[in-house]
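Q: Just a sequence and a predicted model for now, questions to come.
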Amino acid sequence: MLPDIEVIVGTYTDFLLGYQLVQQKANGDDKIQLKPTFADKSHAGSLKCVAVQGPWIASGGSDDRIFIYDMRTRKQSHILHSHSGTINAVVFSPDLTHLLSASADGHLMATRVGSWTTEGDWRKAHAGNPVTHIACHPSSRLALSLGGDQILNTWNLVKGRVAYRTNLKSKRTLGSSPDCLSWSTDGNHFTLSGPLVLEIWNIEKASVVRSTKTPSKPICVSWLNEQNCLTGLDNGNIAWISLDTEDDETPTLIEAHETRVKAMSYLNDTLVTISSAGEIKIWSPDIDEKSLNEIASVNIDCRPTCLALLDLNQFGKAPQAHCSVDTGKQQQPEARSQENEEQDEDSQEIDLVKPRSFVSIEYEQDATTKAANKGKQKQTETKSNKDSDASDGGNASDESETLTTNKIAGKKQMKSKQKKIAKRQKDHSASESESKSEDDSSSDDFGSSSEDERRPRFRKMPNKRKLNVNHKGAKNTKKK
């Protein structure tokens with residue numbers, strides 16, 4: 001039996017991809033392959049994190065948005081715009097009541113599942129520094145968060161506040177940016193990683209239980225059960241760490257990929273890993289022997305960023321994109337999903353409402369008589385159409401003649417009107433000239449009768465002795 005899981009992958013190229021295991025038969029041999037189920041490009045930037053719980057998928061990216069998908073209908077359900085920075089982590093609570101999200105803007109938010117309203121917003125969860133990691137406890141009452149201030153916060157989700165803080169700056173083995181924050185399946189342990197070490201902490205003692213050195217940097221962590229933990233390394237290997245063994249025992253190394261193990265996840269006794277080169281591998285782990293058996297692999301031809309697994313048993317199997325087909329043989333299609341059955345029922349109800357058509361049965365003689373009648377009807381229709389065309393043509397000619405005569409009569413009337421108007425204008429101008437001449441004559445007769453009388457008369461002054469203008473001459477005359 002194939003595991004009823006669907007692999008959800010986020011990529012640097014803004015795509016959210018889905019893959020599912022399919023069993024195919026070729027030349028009598030059974031082959032298990034990974035086939036793509038969907039590809040969605042809703043984000044406007046690279047994806048940073050993916051979370052899956054029940055039928056819900058949440059993806060966060062560098063475009064400051066969180067997209068919610070409902071896999072029961074396989075459609076996008078909602079978009080969250082609550083953050084103003086890159087979404088670094090998204091996690092569903094195990095009881096599926098809230099979605100926790102962390103961003104580079106320093107906010108840690110809790111969003112109610114279903115209504116998608118923000119119920120908690122801690123603006124300075126890590127003193128204003130970016131929040132990089134979130135891990136929710138299996139009881140949905142506690143949560144862990146890591147930030148740029150190198151402090152591990154333990155949150156009380158019931159009261160909505162920080163229970164206590166752990167300063168990791170003194171932990172030199174963890175370096176400046178601790179990673180791989182993950183809870184065990186029972187919730188008694190959690191992991192933190194440094195450049196070349198993986199530490200397992202006990203929640204009761206609040207201290208390190210196991211510190212394991214690794215040949216390469218740990219990149220991702222996945223718990224198989226309460227005692228066994230797998231770590232993907234930078235060199236492509238997987239380190240198997242067990243709490244049952246002694247502290248000094250070195251972990252078993254398994255060659256998984258040629259390049260870095262970018263992400264890994266475990267569900268329904270199936271382990272899925274993906275490398276930075278885009279190679280997905282499905283494994284069946286053997287806990288007793290501490291080994292991994294490869295089931296299938298595929299290359300997605302793009303760089304992945306995150307990975308999560310969807311359990312199809314929780315809400316019914318989704319329709320597969322590719323069904324198994326024998327070469328040279330035709331098989332019946334597989335049973336349809338519940339969604340298709342509901343759609344068929346709805347369509348049947350709609351069809352019952354629609355009016356149904358009637359079927360008439362005819363014999364050959366009836367058919368021939370009907371054909372003959374139809375031919376006669378067509379002939380009569382063609383004749384009537386011709387007659388109507390002819391009558392229309394005659395009427396058109398008559399109408400054109402009447403239009404021409406009316407135009408000629410209208411032109412004559414316009415000419416006569418113009419002549420009358422011109423005569424009236426001439427008469428009016430003549431009368432005006434006569435009145436002006438009369439006015440001029442009357443003005444000449446009024447007053448004196450001759451031009452000489454109308455001229456102004458000048459008075460003649462008597463001849464007097466000229467006065468000497470020169471003052472000196474005037475003085476001389478007085479002396480004399």
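A: Good, I have the coordinates.
Q: could you say which helix or strand contains residue 23?
A: Per DSSP states H and E, residue 23 falls inside strand 16-26.
Q: Buried residues of stretch 123-143, list them for me.
A: Neighbour counts over stretch 123-143 (16 or more other CB atoms under 10 Å) mark 125-126, 130-137, 140, 142-143 as buried. Placement of C-beta: from N, CA and C, glycine included.
Q: Now the strand holding residue 23 - C-alpha only, CSV.
A: Provided in CSV are the C-alpha atoms of strand 16-26 (Å, rounded to 0.1, in the frame of the first residue of the first chain):
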residue,chain,number,x,y,z
LEU,A,16,4.2,26.1,-4.5
LEU,A,17,4.3,22.5,-5.8
GLY,A,18,2.5,19.3,-5.0
TYR,A,19,3.6,15.7,-5.6
GLN,A,20,1.9,12.4,-4.9
LEU,A,21,3.0,8.7,-5.1
VAL,A,22,1.5,6.8,-8.0
GLN,A,23,2.0,3.1,-8.8
GLN,A,24,2.4,2.3,-12.5
LYS,A,25,2.8,-1.0,-14.3
ALA,A,26,5.1,-1.2,-17.3
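Q: on contacts alone, who are the packing partners of that strand?
A: strand 5-11, strand 29-40, strand 291-299 (3 or more CB pairs under 8 Å, 6 or more residues apart in numbering; DSSP states H and E).
Q: just checking, residue 415 is part of a helix?
A: Yes: per DSSP: H, G, I helix; E, B strand; the rest coil, residue 415 lies within a helix segment.
Q: That one: neighbouring residues, count only.
A: Counted with other CB atoms under 10 Å, residues neighbouring residue 415 total 10.
Q: Buried ones in the strand holding residue 23, by neighbour count?
A: Across strand 16-26, burial judged by 16+ other CB under 10 Å covers 16, 17, 18, 19, 20, 21, 22, 24.
Q: likewise stretch 215-222?
A: Judged by neighbour count (16+ other CB under 10 Å), stretch 215-222 contains these buried residues: 216, 217, 218, 219, 220, 221, 222.
Q: would you list every one of the helices in this protein?
A: Assigned by DSSP state H, the helices in the chain fall at 338-353, 364-445, 451-454, 471-479.
Q: what's the closest of the buried residues of stretch 123-143 to residue 315?
A: Of all the buried residues of stretch 123-143, residue 140 has the smallest distance to residue 315: 19.5 Å, by CB to CB.
Q: unless I'm mixing things up, the closest one is touching residue 92, no?
A: No: under the criterion of CB atoms under 8 Å, residue 140 makes no contact with residue 92, lying 9.5 Å away.
Q: Overlap in contacts, these two.
A: Contact criterion CB atoms under 8 Å, 6 or more residues apart in numbering; residues shared by residue 140 and residue 92: residue 98.
Q: For residue 141, give me its contacts.
A: Contacts of residue 141 were listed using CB under 8 Å, 6+ apart, and they are 156, 157, 158.
Q: What about these, which one has the most neighbours?
A: Counting neighbours by other CB under 10 Å, residue 157 leads these with 20 neighbours.
Q: Just the pLDDT for that residue.
A: Predicted confidence (pLDDT) for residue 157: 94.
Q: For it, give its distance to residue 117.
A: Note on residue 157: its distance to residue 117, by CB to CB, to the nearest Å, is 17 Å.
Q: ok, now residue 224?
A: 36 Å.
Q: ok so, going back, for the buried residues of stretch 215-222, which one is nearest residue 253?
A: residue 216 (9.6 Å).
Q: so that closest one makes contact with residue 232?
A: No: when contacts are counted by CB under 8 Å, residue 216 is not listed as touching residue 232 (9.7 Å).
Q: so which pair among the buried residues of strand 16-26 is furthest apart in space?
A: Spatial extent of the buried residues of strand 16-26 (CB to CB) is set by the pair 16 and 24 at 25.2 Å.
Q: What ranges does the stretch 201-350 of the chain have for its strands?
A: Using DSSP state E, counting those that start in this stretch, the strands of the stretch 201-350 of the chain run over residues 207-213, 218-223, 228-233, 237-242, 252-255, 261-267, 270-275, 279-286, 291-299, 304-311.
Q: Can you list the buried residues in the first one?
A: Going back to what we said before, that points to strand 207-213. For strand 207-213, the neighbour count (16+ other CB under 10 Å) marks 210, 212 as buried.
Q: and what of the fifth one?
A: Taking 16+ other CB under 10 Å as the neighbour-count basis, strand 252-255 is seen to contain the buried residues residue 253.
Q: List the residues that contact residue 310.
A: Counting by CB under 8 Å, 6+ apart, residue 310 makes contact with 5, 6, 7, 8, 18, 52, 57, 71.
Q: So which of those residues is the closest to residue 268?
A: Set against residue 268, the nearest of the contacts of residue 310 by CB to CB is residue 5 (5.8 Å).
Q: tally of neighbours for residue 261?
A: Counted with other CB under 10 Å, residue 261 comes out at 27.
Q: And residue 256, how far from residue 293?
A: Taking CB to CB as the measure, residue 256 falls 12 Å from residue 293.
Q: Which one's more surrounded, the two?
A: Taking other CB under 10 Å, residue 256 and residue 293 do not tie; residue 256 has more neighbours (21 against 11).
Q: which residues touch the more buried one?
A: When contacts are counted by CB under 8 Å, 6+ apart, residue 256 touches 232, 236, 237, 238, 273, 275, 281, 283, 292.
Q: and what of residue 252?
A: 239, 240, 290.
Q: Surely residue 214 touches residue 230?
A: No: using CB under 8 Å, residue 214 is not in contact with residue 230; the gap is 11.9 Å.
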